[in-house]
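**Q** test case, fold it:
(2 chains)
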Amino acid sequence: MNEREKGGVADDALIRTTLAGDDGAFAELVERYKGRAFAVAVGIVGDGDDALDVVQDSFIKAYYKLKEFRFGSNFYTWFYRLLVNQAIDRWRKSARSAEVPFDESWLSEDASPPDSFAYPKTPEDLARDRELGDALQRAVDSLPEYHRAVIVLREVDGMAYDEIAKVLGCSVGTVMSRLHYARGKLKGALKAHREG
Amino acid sequence: MDCRAALKNIEAKADGLLPRGAEGELAGHLAGCPACAAENAAIFATGPALRALTGVRTMEKAPALDAMWTRVRAGIEERREARRNPFRIARWAWIPAAAALAVVALLLYPAGTDRSPFHPSTFDVAVEDVESEGATVALVDKGEDLPRVIWIIEDAKS
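**A** Below you'll find the model as predicted:
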């Protein structure tokens, strides 16, 4: 949802004002999207400092590419495309990308009866269970980049399938199959932690 | 509904593709099947768990995120400055510039003198040809100890 829908100044208006030379309008766009952008970036690159760099670089790139923005389309879809590509590039260059092979044992099909185990729902829940946080991060890191981008855009940002398809430049079917695969991997990690 | 169908429906539900009419039947199966209920719980925990994970990282970096516009503005200014004064940042650029100047100087070297040509075959040298309108010349690299020299093969072509 963009600010136009929330009743604030529309993104398009801020972009026009920025193009007219008022950087303050671009500052408003940064304030508006930095939180969501960071959540997506950190979901893809894993590391907080890397994610900050990705968000910063993406906004700078967006500022200088703003002339290419097509009015009438969604700013955040356009911006997220820059952001996701930047994050994937960053991930590929980082040393971490080479050190997280996927452990298939996480995909154990054994199902235990449900008990009082509660999966984490908030950052506070997860902060209390560092082991699970690490296991989850490993599972995310082990996903191929575009699968990771899909599940982060869907589950963290709440994007619709067609929007994700636009951001990643692929079909809705591809988005769904990547999402299905990624969700299966994360589910495996959660179950393995619970059963282990 | 058997477990195989239930698992398929759990995944369809997670993808948002389960018809409403099938939800009741699935719920009935889950109530009596602990294994499928565990599968259902795990698959629907992935979203909240992922949000919790990025939430933890966001909390850790909240102060830096607050200053994001300051960082972005600094980056914008840096690029703007670089565009205004392109030579200011290109301190290293004198190296290729000097090399290019040297090549140009060699190409414009006055022709028609009595200078006897240097023959590269007496040395262990690397020769690369450079074509120009005025002459065909060769740049001869004799290694680190000796400087590059020019060898005019064909003078005043045009």
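
**Q** can you give me the helices in chain B?
**A** Assigned by DSSP state H, chain B shows helices spanning B:3-14, B:20-32, B:34-60, B:62-66, B:68-84, B:86-89, B:94-107.

**Q** oops, could you answer that again for chain A instead?
**A** Ranges of helices in chain A, per DSSP H, are A:3-6, A:11-19, A:23-45, A:48-65, A:75-93, A:123-128, A:130-142, A:145-151, A:161-168, A:172-195.

**Q** ok, the most centrally placed residue in chain A to B:Met59 distance?
**A** The C-alpha lying nearest the average C-alpha coordinate of chain A belongs to A:Val40 (Cα atoms, centre = their mean; 2.5 Å). Counting by Cβ to Cβ, to the nearest Å, the gap from A:Val40 to B:Met59 is 16 Å. Bear in mind the C-beta positions are built from the backbone N, C-alpha and C, glycine included.

**Q** least confident of the helices of chain B, on average?
**A** Per-stretch mean pLDDT for these is lowest at helix B:86-89 (a mean of 59).

**Q** just how off-centre is stretch A:46-53 within its chain?
**A** 12 Å (Cα atoms, centre = their mean, to the nearest Å).

**Q** how about that stretch: buried residues?
**A** A:46-48, A:50-53 (16 or more other Cβ atoms under 10 Å in any protein chain shown).

**Q** check those one by one and keep those near chain B.
**A** For chain B, the contacts drawn from those by Cβ under 8 Å from any Cβ of the partner chain are A:48, A:51-52.

**Q** kindly reformat these as a markdown table containing pLDDT.
**A** Converted to a markdown table, these look like this (pLDDT from 0 to 100):
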| residue | pLDDT |
| --- | --- |
| A:Gly48 | 92 |
| A:Ala51 | 95 |
| A:Leu52 | 96 |
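
**Q** just the residues you listed now: which is nearest chain B?
**A** For those, the residue nearest chain B by Cβ to the nearest Cβ is A:Gly48; the value is 4.3 Å.

**Q** once you drop chain neighbours, what's closest to that closest one?
**A** Leaving aside its sequence neighbours, A:Gly48 sits nearest to B:Lys61 (Cβ to Cβ, 6 or more residues apart in numbering or on different chains; 4.3 Å).

**Q** neighbours around the one you found, how many?
**A** The tally of other residues near B:Lys61 (other Cβ atoms under 10 Å in any protein chain shown) stands at 18.

**Q** repeat for A:Ala27
**A** What A:Ala27 shows, counting by other Cβ under 10 Å, is a neighbour count of 18.

**Q** can you check A:Asn74 too?
**A** 16.

**Q** could you double-check that it lies in contact with A:Asp162?
**A** No: with contacts counted by Cβ atoms under 8 Å, A:Asn74 stays clear of A:Asp162, the gap being 11.1 Å.

**Q** follow-up on the earlier one: adding distance to B:Ile43, write the buried residues of stretch A:46-53 out as CSV.
**A** Converted to CSV, these look like this (distance: Cβ to Cβ, whole Å):
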residue, distance to B:Ile43
A:Gly46, 22
A:Asp47, 27
A:Gly48, 28
A:Asp50, 29
A:Ala51, 26
A:Leu52, 32
A:Asp53, 33
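
**Q** now flag whichever of these is closest to A:Lys166.
**A** A:Lys166 lies nearest to A:Ala51 out of the buried residues of stretch A:46-53, by Cβ to Cβ, at 22.2 Å.

**Q** quick one: that closest one from B:Cys33, how far?
**A** 40 Å.

**Q** list of residues touching stretch A:164-178?
**A** Outside stretch A:164-178, the residues that touch it by Cβ atoms under 8 Å, 6 or more residues apart in numbering or on different chains are A:77, A:80-81, A:84, A:146-147, A:149-151, A:153-154, A:159, A:161-162, B:15.

**Q** now with 6 Å?
**A** Stretch A:164-178 is contacted from outside by A:77, A:80-81, A:84, A:147, A:150, A:153, A:161-162, using Cβ atoms under 6 Å, 6 or more residues apart in numbering or on different chains.

**Q** quick one: which of these is the most crowded by neighbours?
**A** A:Val150 (30 neighbours).

**Q** touching, that one and A:Leu179? I think so.
**A** Yes: the pair A:Val150 and A:Leu179 passes the contact test of Cβ atoms under 6 Å, sitting 5.1 Å apart.

**Q** re earlier: pick the most buried one from the helices of chain B.
**A** helix B:34-60 (a mean of 21; mean count of other Cβ atoms under 10 Å in any protein chain shown).

**Q** do that one and chain A come into contact?
**A** Yes: using Cβ under 6 Å from any Cβ of the partner chain, helix B:34-60 reaches chain A at B:34-35, B:37-39, B:42-43, B:45-60.

**Q** for the contacts of stretch A:164-178, work out which two are farthest apart.
**A** A:Thr77 and A:His147, at 19.5 Å, using Cβ to Cβ across the contacts of stretch A:164-178.

**Q** worst average pLDDT in the helices of chain A?
**A** Across the helices of chain A, helix A:3-6 gives the lowest mean pLDDT, at a mean of 50.

**Q** and the gap between B:Ala31 and A:Lys121?
**A** According to Cβ to Cβ, B:Ala31 stands 22 Å off from A:Lys121.

**Q** do the same with A:Asn85
**A** Per Cβ to Cβ, A:Asn85 is found 31 Å from A:Lys121.

**Q** cool, and B:Ala52?
**A** 6 Å.

**Q** just A:His180 next, same as before
**A** For A:His180 relative to A:Lys121 (Cβ to Cβ), the value is 22 Å.

**Q** before we move on, what about A:Glu163?
**A** 25 Å.
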